[in-house]
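# Sequence and predicted model, in that order:
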Protein chains: 2
Amino acid sequence: MDEVPTGDELLKVLGALGNPHRMRIVGALLEGRNYVSRLARELGIGRPLLHMHLQRLEAAGLVVGTLELSESGKSMKYFELTPFCFALTPQSVASAALTLTEEERPTMKESAK
Amino acid sequence: MDEVPTGDELLKVLGALGNPHRMRIVGALLEGRNYVSRLARELGIGRPLLHMHLQRLEAAGLVVGTLELSESGKSMKYFELTPFCFALTPQSVASAALTLTEEERPTMKESAK
DNA sequence: GATATGTGTCAGCTTTCTTTGACAGGTGCG
DNA sequence: CGCACCTGTCAAAGAAAGCTGACACATATC
């Protein structure tokens, strides 16, 4: 039931969900799949902005987008939620922290000591 | 068992946990309470930086700090984890998104009003 | 052709977060 | 006293995130 992610994966998930717009996007997609332009209108934000947010959610594996051709021939990108499930406890966070790679380093300063 | 937070609360929690240093701090505190200077040495980061990160975690309710007087008379601030437990699913995120206040808006210029 | 829909990207600005060094204070001990 | 700890704060710089308008491309309809 619960997914047990690596530190880097959990970092991307938390970074993706820790934003008002992206939380609202998840809420909007819970009612069904939707395409970018319509989603932008419903949420009242610009499409370039929404595009960026969706990319962040997709990079975290929380949504998936598929480019489809409508019957009229226009290409439309539909996004939908993935059935993710993460538990946030001191234990789960701590075990994820152990697998953090230094690529995600906040700052590197490996001199002598 | 699971905590059901408001949108703003969840936002603070996700923002607090979505950082490599703060994840490591949670991992370090899982082994027991600790005071700031020692924690900074063990994690290899500066005290001012750790102080800021701890403040962020405390603002999210994930840790609590208590200023105590050691037997020798020095004042030391001990931090320890709170037994938090959050479930991250499309449903939990969506319901939290409904209670988001506009105060936590992502950059809004408040010129007129 | 002009308009309306859809797609995506880019540069540049603003805002926030992160980080560091310096500074303030306190206590106990040789 | 000077040294070794502890506490806290501040300003400024650097890095990252957020946001906007303009652009380019496609297709269908008027």
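Yes, it's here. On a predicted model such as this, the values are computed, not experimentally measured, just so you know.

# Going along the chain, name the helices of chain A.
Along chain A, counting by DSSP state H, helices occupy A:7-17, A:20-29, A:36-43, A:47-59, A:90-97.

# Can you say which of the ones you listed is nearest to DNA strand D?
helix A:47-59 (3.3 Å; Cβ to the nearest atom of the strand). Placement of C-beta: from N, CA and C, glycine included.

# so where is chain A shaky, pLDDT-wise?
Across chain A, residues meeting the criterion (pLDDT under 70) sit at A:102-113.

# So which bits of it are right by DNA strand C?
A:35-38, A:47-48, A:51, A:65, A:67, A:74-77, A:106-107, A:109 (Cβ under 7 Å from any atom of the strand).

# Look up how far A:N19 lies from the residue nearest to the spatial centre of chain A.
In chain A, the residue lying closest to the centroid (Cα atoms, centre = their mean) is A:L57, at 1.9 Å. Distance, A:L57 to A:N19, using Cβ to Cβ, to the nearest Å: 9 Å.

# what's the spacing between the residue nearest to A:G61 when sequence neighbours are not counted and A:A97?
Spatial nearest neighbour of A:G61, excluding adjacent residues (Cβ to Cβ, 6 or more residues apart in numbering or on different chains): A:T82 at 6.3 Å. Counting by Cβ to Cβ, the gap from A:T82 to A:A97 is 24 Å.

# Could you check which of these two has the larger neighbour count?
Set side by side, A:T82 and A:A97 show more neighbours around A:A97, with 22 against 14, by other Cβ atoms under 10 Å in any protein chain shown.

# hang on, the more buried one packs against B:M23?
Yes: using Cβ atoms under 8 Å, A:A97 makes contact with B:M23 at a distance of 4.1 Å.

# shared neighbours, those two?
Residues touching both A:A97 and B:M23 (Cβ atoms under 8 Å, 6 or more residues apart in numbering or on different chains) are A:G7.

# one step back: now do the contacts for the residue nearest to A:G61.
By Cβ under 8 Å, 6+ apart, the contact list for A:T82 reads A:G61, A:L62, A:V63, A:V64.

# Where does chain A get nearest to DNA strand D, residue-wise?
Evaluated by Cβ to the nearest atom of the strand, chain A has A:G73 as its residue closest to DNA strand D, separated by 2.5 Å.

# What's the local residue count around that residue?
Neighbour count for A:G73, taken as other Cβ under 10 Å: 6.

# A:E42 too?
A:E42: 12 surrounding residues under other Cβ under 10 Å.

# got a list of what it touches?
Counting by Cβ under 8 Å, 6+ apart, A:E42 touches A:A28, A:N34.

# check contacts around A:L62.
Neighbour list for A:L62: A:V13, A:A16, A:L17, A:V26, A:L81, A:T82, A:F84 [criterion: Cβ under 8 Å, 6+ apart].

# List the backbone torsions phi and psi for it.
Main-chain torsions, A:L62, degrees, to the nearest 10: phi -90, psi -20.

# dump the residue contacts of the residue lying closest to it once chain neighbours are set aside.
Leaving aside its chain neighbours, A:L62 sits nearest to A:F84 (5.5 Å; criterion: Cβ to Cβ, 6+ apart). A:F84 makes contacts with A:E3, A:V13, A:G61, A:L62, B:L88, B:T89, B:P90, as judged by Cβ under 8 Å, 6+ apart.
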